[in-house]
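Novice: how does the following fold in three dimensions:
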Amino acid sequence: MKIIGLTGGMAAGKSTVAALFRRAGVPVFDADAVVRTLQGPRGKALPAIARVFPAAVQDGVLNRIALRQAVVGNVAALQALEAIMHPLVKAERERFLRQCRARKEPFCVLDIPLLMEIGEDRKCDVVVVVEAPMATRLSRIHQRGKTGARMSEAQARSLIARQMPDHERRRRAHIVIRTGLSRGSAARQVHALLHRLREAS
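Specialist: Numbering: from 1, shown residues only. Prediction:
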């Protein structure tokens, strides 16, 4: 089974590309969705988060804003949260891979925002990086959320600047898929990649 690692910067279009893989019949592990489930009601991470960040959990429900405020700018708090989340996410990722192998899937996708930062790219057969022009990314970020809570361009640029630079992702990628042109363009790039992988297997 070939493991395709999928990553990209904020608002680069990774979710769109992941959806295209799913539509092509390739199973996708969505790390962000797993985190939401683990931190959701009765989620496996909730008891540990409540012990370490008691103000962030009320009546068995995570207050994401309070948790974000607790870790932003606090390296020790962020490391404590990562120590809770990373082993749980890894266990879910390993379970996903076991299920794919049991079903004899030819390919699977690991959709992980911090794929390279946590070293998982080294375990992938193919690493795909999704990119989009900066203007497109800023526009997408601005359109997210409710009108009153939308991020400013300065805030968006600040968050993007904290991430791994695009040129470093490109250097470590096998394939770069560009979004922002048209949905059809991204789909053609995904289908071309799958065709090459099938031909090589």
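Novice: hey, let's count contacts and neighbours off CA atoms from now on
Specialist: OK.
Novice: list the contacts for residue 89?
Specialist: Under the criterion of Cα atoms under 8 Å, 6 or more residues apart in numbering, the contact list for residue 89 reads 31, 34-35.
Novice: check which helix or strand it maps to.
Specialist: helix 75-102 (DSSP states H and E).
Novice: packing partners of the helix or strand bottoming out on mean pLDDT in the chain?
Specialist: Ranking every helix and strand in the chain by mean pLDDT, DSSP states H and E puts helix 153-162 at the bottom, with a mean of 79. Contacts defined by 3 or more Cα pairs under 8 Å, 6 or more residues apart in numbering; DSSP states H and E place helix 153-162 against helix 134-143.
Novice: buried sites along the helix it packs on?
Specialist: By 16 or more other Cα atoms under 10 Å, the buried positions in helix 134-143 come out as 136-138, 141-142.
Novice: neighbours of residue 94, just the number please.
Specialist: 11 (other Cα atoms under 10 Å).
Novice: quick one: it from residue 87, how far?
Specialist: Here residue 94 is placed at a distance of 10 Å from residue 87 (Cα to Cα, to the nearest Å).
Novice: shaky segments in this structure?
Specialist: Within the chain, the stretches with pLDDT under 70 are 145-150, 183.
Novice: please parse it into its domains.
Specialist: Recorded structural domains for the chain (assignment: the TED database) are 1-27+108-195, 35-104.
Novice: what are the ranges of the strands in the protein?
Specialist: Remark: strands assigned in the chain by DSSP state E are 2-8, 28-30, 57-58, 61-62, 107-111, 126-131, 175-178.
Novice: hey, C-alpha coordinates of the longest one in PDB?
Specialist: By that I understand strand 2-8. Taking Å, rounded to 0.1, in the frame of the first residue of the first chain, the C-alpha atoms of strand 2-8 are listed here in PDB:
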ATOM      1  CA  LYS A   2       1.300   3.400  -1.000                       C
ATOM      2  CA  ILE A   3       0.900   6.100   1.700                       C
ATOM      3  CA  ILE A   4       0.400   9.600   0.300                       C
ATOM      4  CA  GLY A   5       1.200  12.400   2.800                       C
ATOM      5  CA  LEU A   6      -0.900  15.500   2.200                       C
ATOM      6  CA  THR A   7       0.000  18.900   3.700                       C
ATOM      7  CA  GLY A   8       0.100  22.600   3.000                       C
END
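Novice: quickly list what residue 111 is bridged to.
Specialist: Applying DSSP bridges to residue 111 gives these bridge partners: residue 6, residue 30.
Novice: same check, this time on residue 62
Specialist: Beta bridges link residue 62 to residue 57 when assigned by DSSP bridges.
Novice: surely it touches residue 53?
Specialist: No - the pair residue 62 / residue 53 is not scored as a contact, 9.9 Å apart, by Cα atoms under 8 Å.
Novice: from the centre of this protein, point out the most distant residue.
Specialist: The outermost residue of the chain, judged against the average C-alpha position, is residue 59 (28.4 Å), by Cα atoms, centre = their mean.
Novice: pull the residues that contact the least confident helix or strand of the chain.
Specialist: Counting by Cα under 8 Å, 6+ apart, residues outside helix 153-162 touching it are 9-10, 138, 141-142.
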